[in-house]
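In: build me a structure from this.
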Amino acid sequence: MKLLLLAMMLCMVAAAQTNSTHKTRKAQPKSGNRSQAVSCRSDDFMRDSLALSPVSASQAGYHLHTDPLTQQTVELDAQLDDFSPAAIEHQRKFYSAWQECKRTRVSVQDAVDWQLIDDQIALNLLDLNQIRSYQHNPTIYVELVGNAFFLPLTQDYASKEIRLGHVLARIEQIPRFVQQAKAMLVDADPIYVKVAVEENDGNIDLIQSDIKEQIGDNAELSAKYRKLAPAAIAALKDFSQWLQQDLGKRPNPRSWRLGKELYDAKFKYVMETGITPEQVLASAENEMKNVRAQMLEIALPLHAQMYPGSGDYADLPARERENKIISEVLAKIADDHVQPDQLIDHVKQDLDGIIRFIREKKIVGLSDRENLKVIPTPVFMRGVYSVAGFHQAPPLEPEAEAEYWVTPIDPRAPQEKVESKLREYNNWVLKWLSIHEALPGHYIQFEHANSVEPKERRLLRSVLGNGAYIEGWAEYVAQVMMEEGFLNHDPRFVLSMKKIRLRVLANAILDVRMHTMNMTDDEALDLMMNSAFQTRAEAEGKLQRAKLTSTQLPTYYVGINEWWDLHHKYEAAKGKDFNLMEFHNAALDQGPLPVPLLEKILLPPSGKP
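Out: This next block holds a predicted model:
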């Protein structure tokens, strides 16, 4: 899953290079004063909206911002986001003004860029004015704090001393930020409180351990740390206590369920396509029956080998027989798993074989940067990323480190839960996970996106990228790898991939039904465990994620269908000249656009691609 750092109301956008240069401390102001009226230039929107969220600016690699009116230059990496009532109102006015301005669209590429901007503006205003996540979801604030520290610590945009200075500047603002969060939050569903407290422990640990360790024996920075850290740590600890003792006990909190009206509105701007939640739900539920039938066909000969003499349970009712045979085969497959302390090392080893296969079969162009690093998922992000995630290199700094996050097994977890997670992510499924998150999935996808020119377009498409394209690519290309013969068509891997397909379907069903149709926890667990063959640990993690997010889980299903549809259309247009790697490179080189818009670029109405 692509790493999304923003609170719902903030844009992660990039800036024009006229205002920033890498690894510099000063920027020259632009000559003259820009009119107070909105100029309707996409690069102006990117620059000015990014400045609304300094933490997001750090992720984008945008470090210096010159205010268009005052001509004052601000070091964004030293700032922590402002959640005062005045700042929230400023965002409303900012996005509303951009929504009204008239644009000149001179090309298909420009029109595509503006749709991304328009949909993001609409999504931001939907949250600011109706969903109001900033008033009900404390995880927004906790995760923003964690990223405020984590990004300067792991990026290389300046010397270590300068970056640690930025971290300390943000630490100094923690008490102010916590007070703003407490003033802004009016209530919170228990699930938000639970996860926020857990993730906030990671923020405290970052200050007490990682940041202190990075500072080391630097006398000047150590003195600042000793002065600033105690107040920040106290404020964060107070925030956790307040979440539990005050916010968490307020009566009648608003549910995590969005409800149909808000869900439908958000779904439209997230998917950026005409498909409706009802259509997704009906299609996913129908396909689940077909995939289970395919799994039974694959499982029957495996079952005979794995359980000789047990028979094929022909006397059982059809669904019960289907469940028993498939479950027993998956159980044997799951026996092949790593030990808890071997997880990350095993993932690194898998990547070597995956890369060799990609090159041998010419699946897609690989990155020349070779900047991928496999690291443990930061503690402050493990509420959502309970298994793994991907953190791209900043679009303005594509040479920087990209990270494949793998969430370690919690040593405090009960043995039963540990075993359940390891069996779900057995050695066969771990290979799919690395294909999805790293190669040729999200890592390769964003390496192509980080080569888009001009830079303004690259940044816009990278950080406002379409979720269905992003998640759809990772699922689609994993299926391509399987069909091209990865692991020699081993039926254990093929069956595991079919199980992943069931997970994609269950994700979509779960999200729509939970947020719009009052699906209960028990019904959700039954769907995942008894219809999609997930272990309890996986199902419980996904149940929590469905409550923490909304409209994200269906992006996998919507996206993989769109990618296969585009694949078939492109292949038909090219005929005997179709080349798989050429298609993949051409599509990825445009950046993460809504796939129907990508089709207009790759398959113009006037002729061949």
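In: okay, CA-based contacts and neighbour counts for the rest of this
Out: Noted.
In: what are the ranges of the strands in the stretch 51-200 of the chain?
Out: Using DSSP state E, counting those that start in this stretch, the strands of the stretch 51-200 of the chain run over residues 64-66, 73-75.
In: now those as JSON lines including mean neighbour count and distance to residue 362?
Out: JSON lines is the format used below for the strands of the stretch 51-200 of the chain (neighbours: other CA atoms under 10 Å; distance: least, CA to CA, whole Å):
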{"stretch": "strand 64-66", "mean neighbour count": "25", "distance to residue 362": "40"}
{"stretch": "strand 73-75", "mean neighbour count": "18", "distance to residue 362": "43"}
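In: could these go into TSV alongside mean pLDDT and distance to residue 389?
Out: What follows is these, written out as TSV (pLDDT from 0 to 100; distance: least, CA to CA, whole Å):
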stretch	mean pLDDT	distance to residue 389
strand 64-66	94	28
strand 73-75	95	29
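In: adding distance to residue 336, write those strands out as CSV.
Out: Below are the strands of the stretch 51-200 of the chain laid out as CSV (distance: least, CA to CA, whole Å):
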stretch, distance to residue 336
strand 64-66, 50
strand 73-75, 50
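In: out of the ones you listed, flag the one nearest residue 584.
Out: Checking the strands of the stretch 51-200 of the chain against residue 584 by CA to CA gives strand 64-66 as the closest, at 35.0 Å.
In: now the closest one: how far from the chain's centre is it?
Out: Relative to its chain's centre, strand 64-66 lies at 27 Å (CA atoms, centre = their mean, to the nearest Å).
In: helices or strands next to it in the packing?
Out: Helices and strands touching strand 64-66, by 3 or more CA pairs under 8 Å, 6 or more residues apart in numbering; DSSP states H and E, are strand 73-75.
In: host element of the nearest residue to residue 554 once chain neighbours are set aside?
Out: Nearest residue to residue 554 in three dimensions, chain neighbours excluded: residue 508, at 4.1 Å (CA to CA, 6 or more residues apart in numbering). Counting by DSSP states H and E, the element that carries residue 508 is helix 491-516.
In: roughly how far is that helix from the heart of the chain?
Out: 18 Å.
In: may I see the buried residues of that helix?
Out: Neighbour-count burial for helix 491-516, counted by 16 or more other CA atoms under 10 Å, picks out 492-516.
In: which residues of the stretch 451-600 of the chain fall in helices?
Out: For the stretch 451-600 of the chain, applying DSSP state H, counting those that start in this stretch gives helices covering 455-463, 467-483, 491-516, 521-526, 536-548, 555-574, 580-588, 595-602.
In: could you give the angle of the second one to helix 580-588?
Out: In this structure, helix 467-483 runs at an angle of 170 degrees to helix 580-588, with axes from the mean of the first three to the mean of the last three CA atoms, to 10 degrees as the basis.
In: so what's the gap between helix 467-483 and the chain middle?
Out: Distance of helix 467-483 from the chain centroid (CA atoms, centre = their mean) equals 15 Å.
In: next, the angle from that helix to helix 595-602.
Out: Using the same axes, to 10 degrees: helix 467-483 against helix 595-602 is 80 degrees.
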